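>>> This is the structure alone, sequence omitted:
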């Protein structure tokens, strides 16, 4: 083990940082829409079961690779089996592309926080919220400035290191996120007529439990946990040997799922009160156009809107930090560059991709904008289609599949299970189930996801 490497100062810090990585924009602006599209409580039930039965074992597999080697995702695979070092490289490429567009979207969120802080003034047009959003993202310079501010904050945190930067900020940001989310939920469920939305969210209709709902829940659960990219390998490499990985992974999954459920409780009742079930959607169009319209219809909507976009900002920031850290750790350890040099040299090519992604938003300026349908999100923008579908529909599930094959069949589930137990050598009571899941069930599930995303053309993330 490299004694100069950073480590989490506390297990709580690790759990909050890893949960922050898992809690992203998808938990807040996609999860409520998925519930609406796939039968309310039926989708929610299947989602929770899949996280517990499949998502948790895959997360444990990644964490075990990281802690066993105490290295970044590329160095970890190279250390355990040199021929499989390409898996770590795929993870870094995936994260690099994701962060390039994630920072632009993070910039959008930051802009909306500013908009609501300064009074939520939207244009006096027939469709003020759509017109404002379209004009903003179509501008050549302003979105880049907000994206640069967001990216700069990520760099500031990561350069400070593991315990002094990521852990310290996660201990502050994650409690803020939960407190803010709970406050929004309380306001949402106390609105007149909100109970109909709550009932819709939790009522399980047996006819809604079908193949489509199962596949949608599989995709959402898998991508929600930040597995398949190498983040959990990197974060796991900072975990001391004495810590119980199983207990930590369970807490991460619980926190991630709790945020998703609370986000649904915050959004679904509000939309029900103002628009009904048909107003529910997912993605950027829903978050930046439909929800501001909803907030404008409700008492105290300006304050509610500010709270929502602050929440979205915190979720985006904690995820972006984890992505940047995984890329920085690779350059820092494999090329022996300083953290500052690593992050700044990453920033240059990422910025070029970010500029392309941002400028692509203005490629379609027709008044008829089907790709801005908030029920499906921003779908058909040029670089949006290329970058997001490349990562979400191909690289993430492919990475998760390779990680499972490596742990289950190459490195060996017995060695991984021993690492999960840690120095305490406490019996890993779920070892047989975990091993069977990583070797057989999880790969089969991922192949199903790949089939529906690549062959059937259904985006599941």
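Yep, that arrived. Fair warning: this is a prediction, and the values are worked out from it, not measured in the lab.

>>> From now on I want contacts and neighbour counts done on CA atoms only, so please keep to that.
Will do.

>>> which secondary element of the protein has the worst mean pLDDT?
Within the chain, no helix or strand scores below helix 382-389, which has a mean of 65 by mean pLDDT, DSSP states H and E.

>>> So which elements touch the next helix or strand after that helix?
Next in sequence after helix 382-389, counting helices and strands by DSSP states H and E, comes helix 396-405. Helix 396-405 sits against helix 56-69, helix 85-117, helix 442-450, with contacts defined as 3 or more C-alpha pairs under 8 Å, 6 or more residues apart in numbering; DSSP states H and E.

>>> Kindly provide the whole-number mean pLDDT of the longest one.
Averaged across helix 85-117, pLDDT comes to 95.

>>> what's the burial count for the closest residue to residue 225 other than its chain neighbours?
Nearest non-adjacent residue to residue 225, counting by C-alpha to C-alpha, 6 or more residues apart in numbering: residue 22, 4.7 Å away. Applying other C-alpha atoms under 10 Å, we find 28 residues neighbouring residue 22.

>>> do residue 337 as well
When neighbours are counted by other C-alpha under 10 Å, residue 337 comes out with 16.

>>> Surely it is in a strand?
No - if the criterion is DSSP: H, G, I helix; E, B strand; the rest coil, then residue 337 is coil and not within a strand.

>>> what's the nearest residue to it if we skip its chain neighbours?
Here the residue nearest residue 337, using C-alpha to C-alpha, 6+ apart, is residue 331, at 6.3 Å.

>>> after the helix or strand where the one you found lies comes which helix or strand?
Per DSSP H and E, residue 331 falls inside helix 301-334. Next helix or strand after helix 301-334 toward the C-terminus (DSSP H and E): helix 339-359.

>>> by how many degrees do that next one and helix 301-334 diverge?
For helix 339-359 against helix 301-334, the angle by axes from the mean of the first three to the mean of the last three C-alpha atoms, to 10 degrees is 130 degrees.

>>> Number the residues from 586 up from this point.
Okay, residue one is now 586; in that scheme the one you just asked about reads as helix 924-944.

>>> ok, residues contacting helix 924-944?
681-682, 684-686, 688-689, 722-725, 728-729, 740, 743-744, 746, 909, 912-914, 916-917, 968-969 (C-alpha atoms under 8 Å, 6 or more residues apart in numbering).

>>> which of the residues you listed are buried?
Among the contacts of helix 924-944, those classed as buried by 16 or more other C-alpha atoms under 10 Å are 681-682, 684-686, 688-689, 722-723, 728-729, 740, 743-744, 746, 909, 912-914, 916-917, 968-969.

>>> where does the stretch 686-835 of the chain dip in pLDDT?
Of all residues in the stretch 686-835 of the chain, none has pLDDT under 70.

>>> the strands in it, which residues?
Counting by DSSP state E, counting those that start in this stretch, the stretch 686-835 of the chain has no strands at all.

>>> just the helices in it please.
Using DSSP state H, counting those that start in this stretch, the helices of the stretch 686-835 of the chain run over 713-723, 727-744, 753-774, 780-787, 796-809, 816-821, 830-859.

>>> what element comes up after the longest one heading to the C-terminus?
Next helix or strand after helix 830-859 toward the C-terminus (DSSP H and E): helix 869-870.

>>> quick one: average pLDDT of that next one?
75.

>>> For that helix, what is the distance to the chain centroid?
16 Å (C-alpha atoms, centre = their mean, to the nearest Å).

>>> Repeat that for stretch 856-866.
The answer for stretch 856-866 is 24 Å, by C-alpha atoms, centre = their mean.

>>> first vs last residue of it, how far apart are they?
End-to-end distance for stretch 856-866: 10 Å, by C-alpha to C-alpha, to the nearest Å.

>>> State the distance from the nearest residue to residue 946 once chain neighbours are set aside to residue 936.
Of all residues not flanking residue 946 in the chain, residue 723 sits nearest, at 5.5 Å (C-alpha to C-alpha, 6+ apart). According to C-alpha to C-alpha, residue 723 stands 18 Å off from residue 936.

>>> ok now do the nearest residue to residue 980 once chain neighbours are set aside, which residues does it touch?
Setting aside the residues directly before and after it, residue 980 is nearest to residue 679 in space (C-alpha to C-alpha, 6+ apart), at 6.3 Å. Listed by C-alpha under 8 Å, 6+ apart, the contact set of residue 679 reads 814, 976, 980-981.

>>> Can you tell me the SS state at the closest residue to residue 989 other than its chain neighbours?
Excluding the flanking residues, the one nearest residue 989 by C-alpha to C-alpha, 6+ apart is residue 1023, at 5.5 Å. What three-state DSSP gives for residue 1023 is helix.

>>> how deep is the closest residue to residue 692 other than its chain neighbours tucked in, by neighbour count?
Spatial nearest neighbour of residue 692, excluding adjacent residues (C-alpha to C-alpha, 6+ apart): residue 732 at 3.8 Å. The number of residues packed near residue 732 is 26, by other C-alpha under 10 Å.

>>> show me what contacts residue 732?
Contact analysis of residue 732 by C-alpha under 8 Å, 6+ apart lists 688-693.

>>> re earlier: could you dump the contacts of residue 679 into JSON lines with neighbour count added?
Below are the contacts of residue 679 laid out as JSON lines (neighbours: other C-alpha atoms under 10 Å):
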{"residue": "814", "neighbour count": "31"}
{"residue": "976", "neighbour count": "21"}
{"residue": "980", "neighbour count": "21"}
{"residue": "981", "neighbour count": "26"}
